[in-house]
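In: Could you work out the structure for the sequence below:
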Amino acid sequence: MEHKELNLSVVELKSFIPCKDFEVSKAFYTAIGFKIVWQSEELCLLDCGTEKFFLQNFYNQEAAENLMFHLQVENADDWYTHLQNLDLQSKYAIRLTAVEDRAWMMRDFLLIDPSGVLWRIAHNI
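Out: Numbering: from 1, shown residues only. I've put the predicted structure just below:
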């Protein structure tokens, strides 16, 4: 029997983010700069530069509020300023924390989206 080399290379890993209100979440993520590349009534694929993720027209509060993403960017301060300038807190009832230097050699802040999903937006220091 001939031994065949298996190709186990991972091409991409995408997450599925639950949405309390699918339309509000799509509007929120496009407002902050992500691009919709495909959508249906149940799913929406967003592009954020080198990565993609799905929004799903499904919501479970416990799942959403225990979901966390780490978005590493070139400049967290610029991202924070960008998000502050959009006045997202009044439009989408999201939460932003202040930018801080962390003991793990990153500068970051927290963004909690309209569904309660936590994003840690950071750069290396």
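In: quick one: stretch 118-125 to chain centroid distance?
Out: Here stretch 118-125 is found 11 Å from its chain centre; the criterion is Cα atoms, centre = their mean, to the nearest Å.
In: likewise stretch 89-98?
Out: Its chain's C-alpha centre and that of stretch 89-98 lie 15 Å apart, by Cα atoms, centre = their mean.
In: Check stretch 60-75 too.
Out: Computed by Cα atoms, centre = their mean, the chain-centroid distance of stretch 60-75 equals 6 Å.
In: Same check on stretch 49-59?
Out: Distance, centroid of stretch 49-59 to centroid of chain: 8 Å (Cα atoms, centre = their mean).
In: Check which residues of that stretch are buried.
Out: Residues of stretch 49-59 classed as buried by neighbour count (16 or more other Cβ atoms under 10 Å): 52, 53, 54, 55, 57. Glycine gets a C-beta too; all of them are placed from N, C-alpha and C.
In: with those in mind, which one is nearest to residue 67?
Out: When the buried residues of stretch 49-59 are compared for distance to residue 67 (Cβ to Cβ), residue 53 wins out at 11.1 Å.
In: Pull the helix or strand encompassing that closest one out as CSV, backbone CA atoms only.
Out: Taking DSSP states H and E as the definition, residue 53 sits inside strand 52-56. Output of strand 52-56 as CSV, limited to C-alpha atoms (Å, rounded to 0.1, in the frame of the first residue of the first chain):
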residue,chain,number,x,y,z
LYS,A,52,-13.0,37.6,7.9
PHE,A,53,-15.7,36.6,10.3
PHE,A,54,-19.5,35.9,10.2
LEU,A,55,-22.3,37.7,11.9
GLN,A,56,-25.2,35.3,12.5
